[in-house]
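S.K.: Sequence and predicted structure, then a few things I'm wondering about:
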Amino acid sequence: MHAGNLVHALKSLDSKLQFRGMGGQYSKDVGVDLALDYAAVSVMGFVEVVFGFRKVLKALTLIKKDLLAYRPEAVVLVDFGGFNMKVAAFATQLGIPVHYYIPPKVWAWNQKRALILKANTDQVYSILPFEPTFFAKFSMQVQYVGNPLLDEIKKFTPHDFFYQKNELSYQPIVALLPGSRTQEVNAMLAKMIALVPDFPKVQFVVAGVDSLPAATYALALSKGIQVIYNQTYDLLSHAAAAVVTSGTATLETALFNVPQLVVYKTSWISYQIGKRLIRVPYISLPNLIADKQVVRELIQDDFSLDNLRQELGRLLSDSSHRQEMQVGYDLIRERIGEQQASDRVAHLILESLGKK
């Protein structure tokens with residue numbers, strides 16, 4: 001989504017620009033010639049990456065060959081640190097300027113990776129307000145450009161007939177956001193669904209993505225739980241509360257002012273490795289941006305049905321808890337600011353290439 005919006009912004013400034021690379025449907029829709037669909041290498045977790053190493057290596061080899069053949073004026077990397085850091089190093093060897101939009105979360109673990117990032121990039125554009133201060137420790141000038149989620153949400157208009165369109169009742173909605181990867185959904189959804197019998201006065205609705213196999217959501221459907229596809233913003237705009245897998249969706253939920261509970265679980269080995277490496281007190285974006293606990297995080301062993309039941313009950317019944325969370329959300333919005341990230345990055349990239 002962010003890559004697609006950036007390409008759109010760049011084309012609005014110079015319609016003659018051409019794009020090729022690795023991406024998904026959003027990139028394809030705005031005219032990026034895809035050398036590779038990113039879903040082929042979308043893997044999370046330490047152990048999971050090891051088992052998926054062969055396909056990641058194959059994809060990296062393909063991208064390197066494509067860079068050699070295509071020889072672009074600039075390489076623009078968007079997020080996806082483990083993979084894109086290697087692309088950055090290769091492009092730098094070729095003498096191609098490297099622009100990194102949404103840089104790797106090097107502040108979270110192995111902070112010396114910032115030096116590798118510094119050596120292999122020409123410009124870095126941050127979407128998290130605390131990152132420029134962190135990178136300054138490594139004598140890096142990183143520009144905070146605002147958060148593109150805010151731009152996306154500003155463009156959104158709720159559907160007037162959301163309930164009717166999706167055959168929903170008018171009971172309060174609890175949104176279940178289990179993630180956008182099959183691996184995440186398989187790990188999170190079953191326990192989310194187990195909550196349903198304890199809350200008969202609300203309706204649970206799963207935010208599905210149609211890029212995943214339909215069977216991914218079979219358990220929810222078998223329990224009579226509605227799964228709606230590609231309508232996450234509509235769902236959040238109508239939700240009374242949400243249970244959200246840690247990731248970008250936690251910030252989206254905060255920006256929609258929906259009380260939320262953040263959850264995450266990975267393999268035992270990945271968790272043990274991560275616990276020893278990660279150097280930040282929180283994993284969710286709302287808490288990281290606010291630099292305090294705004295939303296409750298249930299991670300690994302804390303992600304139990306008892307804890308889920310208790311915390312969701314608080315979200316639905318404790319007005320002071322919701323008000324306190326809202327104060328935290330207001331702080332997050334203040335820190336993010338109002339900049340239009342895609343437009344800002346597009347201008348900076350073209351200026352650096354002498355295309356004002």
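M.R.: Received the coordinates, thanks.
S.K.: quick check: domain ranges of this protein?
M.R.: 2-146+340-352, 158-336 (automatic domain parsing).
S.K.: I'd like those as TSV, with mean neighbour count appended.
M.R.: Glycine gets a C-beta too; all of them are placed from N, C-alpha and C. Output for these, formatted as TSV (neighbours: other CB atoms under 10 Å):
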stretch	mean neighbour count
domain 2-146+340-352	17
domain 158-336	18
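S.K.: Could you export those domains as a markdown table, including distance to residue 152 and mean pLDDT?
M.R.: Below are those laid out as a markdown table (distance: least, CB to CB, whole Å; pLDDT from 0 to 100):
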| stretch | distance to residue 152 | mean pLDDT |
| --- | --- | --- |
| domain 2-146+340-352 | 7 | 91 |
| domain 158-336 | 8 | 92 |
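S.K.: in this protein, which spans are strands?
M.R.: 20-23, 33-37, 75-78, 98-101, 123-126, 143-144, 173-177, 203-208, 226-229, 239-245, 260-264, 296-299 (DSSP state E).
S.K.: Reformat those strands into a markdown table and put distance to residue 324 next to each item.
M.R.: Converted to a markdown table, the strands of the chain look like this (distance: least, CB to CB, whole Å):
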| stretch | distance to residue 324 |
| --- | --- |
| strand 20-23 | 39 |
| strand 33-37 | 42 |
| strand 75-78 | 34 |
| strand 98-101 | 33 |
| strand 123-126 | 28 |
| strand 143-144 | 27 |
| strand 173-177 | 19 |
| strand 203-208 | 24 |
| strand 226-229 | 30 |
| strand 239-245 | 14 |
| strand 260-264 | 13 |
| strand 296-299 | 11 |
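S.K.: Out of those strands, which is closest to residue 150?
M.R.: Closest to residue 150 of the strands of the chain, according to CB to CB: strand 143-144, at 12.8 Å.
S.K.: Packing partners of the closest one?
M.R.: strand 123-126, helix 131-136 (3 or more CB pairs under 8 Å, 6 or more residues apart in numbering; DSSP states H and E).
S.K.: Present those as CSV; the columns should include distance to residue 169.
M.R.: Below are those laid out as CSV (distance: least, CB to CB, whole Å):
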stretch, distance to residue 169
strand 123-126, 43
helix 131-136, 43
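S.K.: so which of the ones you listed comes closest to residue 34?
M.R.: strand 123-126 (22.5 Å).
S.K.: Out of the strands of the chain, flag the one nearest residue 352.
M.R.: Here strand 123-126 is closest among those (CB to CB), at 5.9 Å.
S.K.: what does that closest one contact?
M.R.: 97-103, 117, 132, 135, 140, 142-145, 341, 344-345, 348-349, 352 (CB atoms under 8 Å, 6 or more residues apart in numbering).
S.K.: Okay, and the beta partners of residue 177?
M.R.: Note on residue 177: beta-bridge partners residue 244, judged by DSSP bridges.
S.K.: ok, now which ones touch it?
M.R.: So residue 177 contacts 207, 232, 242-245, 249, 253 (CB under 8 Å, 6+ apart).
S.K.: The same query, at a cut-off of 7 Å, please.
M.R.: Residues near residue 177 by CB atoms under 7 Å, 6 or more residues apart in numbering: 207, 232, 242, 244-245, 249.
S.K.: Please tell me how far it sits from residue 233.
M.R.: 11 Å (CB to CB, to the nearest Å).
S.K.: Ok, residue 180 next?
M.R.: Relative to residue 233, and taking CB to CB, residue 180 is found at 14 Å.
S.K.: Nearest residue to residue 148 in space, please, no chain neighbours.
M.R.: residue 341 (4.1 Å; CB to CB, 6 or more residues apart in numbering).
S.K.: from memory that neighbour sits against residue 152, does it?
M.R.: No. Using CB atoms under 7 Å, residue 341 makes no contact with residue 152, being 9.5 Å away.
S.K.: among the strands of the chain, which is nearest residue 62?
M.R.: strand 33-37 (5.8 Å).
S.K.: helices or strands up against the closest one?
M.R.: strand 20-23, helix 53-70 (3 or more CB pairs under 7 Å, 6 or more residues apart in numbering; DSSP states H and E).
S.K.: Which residues does it contact?
M.R.: 19-24, 27-28, 59, 62-63, 66.
S.K.: go with 6 Å
M.R.: Residues from elsewhere that reach strand 33-37 (CB atoms under 6 Å, 6 or more residues apart in numbering): 20, 22-23, 28, 59, 62, 66.
S.K.: Let me have those in TSV, extended by distance to residue 318.
M.R.: Converted to TSV, the contacts of strand 33-37 look like this (distance: CB to CB, whole Å):
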residue	distance to residue 318
20	52
22	45
23	42
28	45
59	47
62	52
66	53
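S.K.: Just give me the closest of those to residue 333.
M.R.: residue 23 (28.9 Å).
S.K.: That closest one pairs with what?
M.R.: residue 37.
S.K.: who's in contact with it?
M.R.: Residues counted as contacts of residue 23 (CB under 6 Å, 6+ apart) are 3, 32, 34, 38.
S.K.: Okay, it and residue 16: tell me how far apart.
M.R.: For residue 23, the distance to residue 16 - CB to CB - is 20 Å.
S.K.: ditto for residue 342
M.R.: From residue 342 over to residue 16 (counting by CB to CB), the distance is 19 Å.
S.K.: Right, I'll call it a day here.
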